[in-house]
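Novice: no sequence on hand, only this structure:
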């Protein structure tokens, strides 16, 4: 296997695919996680709609993406033809096939990444953020400012819930 002349190409393509999809999933997933955590109304609906691509069986996803990139009647080429742009054979051309695979894999897994990162952002305690800010480790901007306000809201809610339930020491 290692002595096969195609082995370096296979390893290179695999590494390119893995690093591209993971980077895209993380960047898009983090952006969506921050947006989802900011939503106050209809949050459950947004999360449900966001998670739909992850629930589609892989065989259906494969057929969906194959039909989108069909050379003659696929929606992508129909749209490109309408704009007067060239319509490549996406899945047969080695220079575009990898791009299509990366886009499909990213589309399918971004919802899961968003869910995990959203949960992680919600789990950061206020005390850790405040300690890091006071020590000069972080600035109170962007995601961290949002995260601090989200954690404070959650702590106030927890405190009020414990008071309502008569729990002492909170």
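Specialist: Nice, thanks for sending it over. Quantities reported herein were computed from a predicted structural model and do not represent experimental measurements. Residues are numbered from 1 along each chain as shown.

Novice: give me every residue that touches the most centrally placed residue in the chain.
Specialist: Nearest residue to the geometric centre of the chain (CA atoms, centre = their mean): residue 29, 2.4 Å. The contact partners of residue 29, by CB atoms under 8 Å, 6 or more residues apart in numbering, come to 110, 113, 114, 116, 117. For glycine as for every other residue, the C-beta is placed from the backbone atoms N, C-alpha and C.

Novice: try it again with 10 Å
Specialist: Contact analysis of residue 29 by CB atoms under 10 Å, 6 or more residues apart in numbering lists 106, 109, 110, 111, 112, 113, 114, 115, 116, 117, 118.

Novice: would you map the helices across the chain?
Specialist: Using DSSP state H, the helices of the chain run over residues 7-38, 43-55, 58-68, 75-82, 94-122, 126-134, 142-165.

Novice: now do the third one: which elements does it pack against?
Specialist: With contacts defined as 3 or more CB pairs under 10 Å, 6 or more residues apart in numbering; DSSP states H and E, the secondary structure elements packing on helix 58-68 are helix 43-55, helix 75-82, helix 94-122.

Novice: could you pull up the mean pLDDT of the first one?
Specialist: Translated: helix 43-55. Averaging pLDDT along helix 43-55 yields 85.

Novice: in that helix, which residues are buried?
Specialist: 47, 50, 53, 54 (16 or more other CB atoms under 10 Å).

Novice: including distance to residue 131, could these go into TSV?
Specialist: Formatted as TSV, those follow (distance: CB to CB, whole Å):
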residue	distance to residue 131
47	30
50	32
53	38
54	35
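
Novice: nearest to residue 88 among those residues?
Specialist: Nearest to residue 88 out of these is residue 53 (CB to CB; 24.4 Å).

Novice: and which of the buried residues of helix 43-55 is nearest to residue 63?
Specialist: Minimum distance to residue 63 across these is 14.1 Å, recorded for residue 53 (CB to CB).

Novice: can you give me the pLDDT of residue 167?
Specialist: At residue 167, the pLDDT value in this model is 50.
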